[in-house]
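> Structure for the following, please:
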Amino acid sequence: MTIIEALILGIIQGLTEFLPVSSSGHIELGKVLLGVKAKDNLLFSILVHGATALSTIVVFKNDIFQILKNGFRFPLNNYSRFIIYILISIIPVMIVGLYFEKEIEAFFTGNALLVGGMLLLTGLLLLFASFTGNPEGDLSPFKAFIIGIAQAIAILPGISRSGATIGTALLLKVNREQAARFSFLMVLIPILGAAFLKSLDLFFSEESISISEVNITAMIVGSIAAFFSGLLACKWMIKIVKKGKLIFFAVYCFIVGSLAIIGAFIQS
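Numbers count the residues shown, from 1 in each chain. Take a look at the predicted model:
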């Protein structure tokens, strides 16, 4: 992977991790367009996901501090309930990640037809969510679990994680600010956990790569690009959700999804 390729893919990852247009789908399409088939793809994926997780922590640092400070006290308060909802929400993605890893990896082969189809589904969900008005409901254990299922489904390339979780929360009548905050904080544990497990596989498995095989400069450039573009996208997305402007991203997903499908048929 060259430095320019890493810069472009890092920016794509940072922007699309938070905007409801599917980061995995755009990364797969980006690899197809750039012709990236490097052996250090997995390491790059771990680093840019870690970078976007760090940008989430920076944006929500005050919330995270209050949750950690007040969330482990009794009797239960809003912060401790939030922790419980987060733990409930990660159950579906943890089951999928631990027991269906090989099946999931089979979807990440640069299949533009699959990505296009999933982007159309994301657009459809965002379209429905954009007509929910201004819901005023709160989270509950049941709602947290349903949102967690949406997050697990969003592992598929082309299904936006933020779009699926925020859209599902809005359809469950969770208020907009809480939906966005929950969506971005619920992913921290799965992202950091997956990055840790992938790191172990990468450096200690029989197919591990050595540092000499990696373009270190490209990895650093891609990570920095993902961090700063992630910061901008996260703050932007929070404003978008509050204003109820998801319809624009629904249109975007319909356009890009359709182009990906057309391109796939032309190439076949």
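> residue contacts, the residue nearest to Phe249 when sequence neighbours are not counted?
Ranked by C-beta to C-beta, 6 or more residues apart in numbering and with sequence neighbours excluded, the top spatial neighbour of Phe249 is Pro20, at 4.8 Å. Glycine gets a C-beta too; all of them are placed from N, C-alpha and C. If you count contacts by C-beta atoms under 8 Å, 6 or more residues apart in numbering, Pro20 has them with 122, 126, 160, 162-163, 166-167, 237, 246, 249, 253.
> Distance-wise, check Pro20 relative to His26.
12 Å (C-beta to C-beta, to the nearest Å).
> And Leu121, by the same measure?
With distances taken as C-beta to C-beta, Leu121 is found 15 Å from His26.
> For these two, work out which one has more neighbours and name it.
His26 (24 against 19; other C-beta atoms under 10 Å).
> wait, doesn't that one sit right on Glu17?
No. Using C-beta atoms under 8 Å, His26 is not in contact with Glu17, being 9.6 Å away.
> Please point out which parts of the helix or strand of the chain with the lowest mean pLDDT sit buried.
Across the helices and strands of the chain, the lowest-confidence element by mean pLDDT, DSSP states H and E is helix 23-34, at a mean of 74. Residues of helix 23-34 classed as buried: 23-32 (neighbour count, 16 or more other C-beta atoms under 10 Å).
> count of residues packed around the nearest residue to Phe108 once chain neighbours are set aside?
Leaving aside its sequence neighbours, Phe108 sits nearest to Pro157 (C-beta to C-beta, 6+ apart; 6.0 Å). Per other C-beta under 10 Å, the neighbour tally for Pro157 reads 24.
> if I look at Pro157, how far off is Ile216?
Taken as C-beta to C-beta, the span from Pro157 to Ile216 is 27 Å.
> Next, the buried residues of the strand or helix carrying Cys234.
Cys234 belongs to helix 216-243 when assigned by DSSP states H and E. Neighbour counts over helix 216-243 (16+ other C-beta under 10 Å) mark 218-219, 221-227, 229-231, 233-234, 237-238, 240-241 as buried.
> Same question for stretch 58-77.
Residues 59-60, 64, 67, 71 are the ones in stretch 58-77 that count as buried (16+ other C-beta under 10 Å).
> Just after the least confident helix or strand of the chain, pick out the following helix or strand.
By DSSP H and E, the next helix or strand past helix 23-34 is helix 41-59.
> Just after that following helix, pick out the following helix or strand.
The helix or strand immediately downstream of helix 41-59 is helix 61-70, counting by DSSP H and E.
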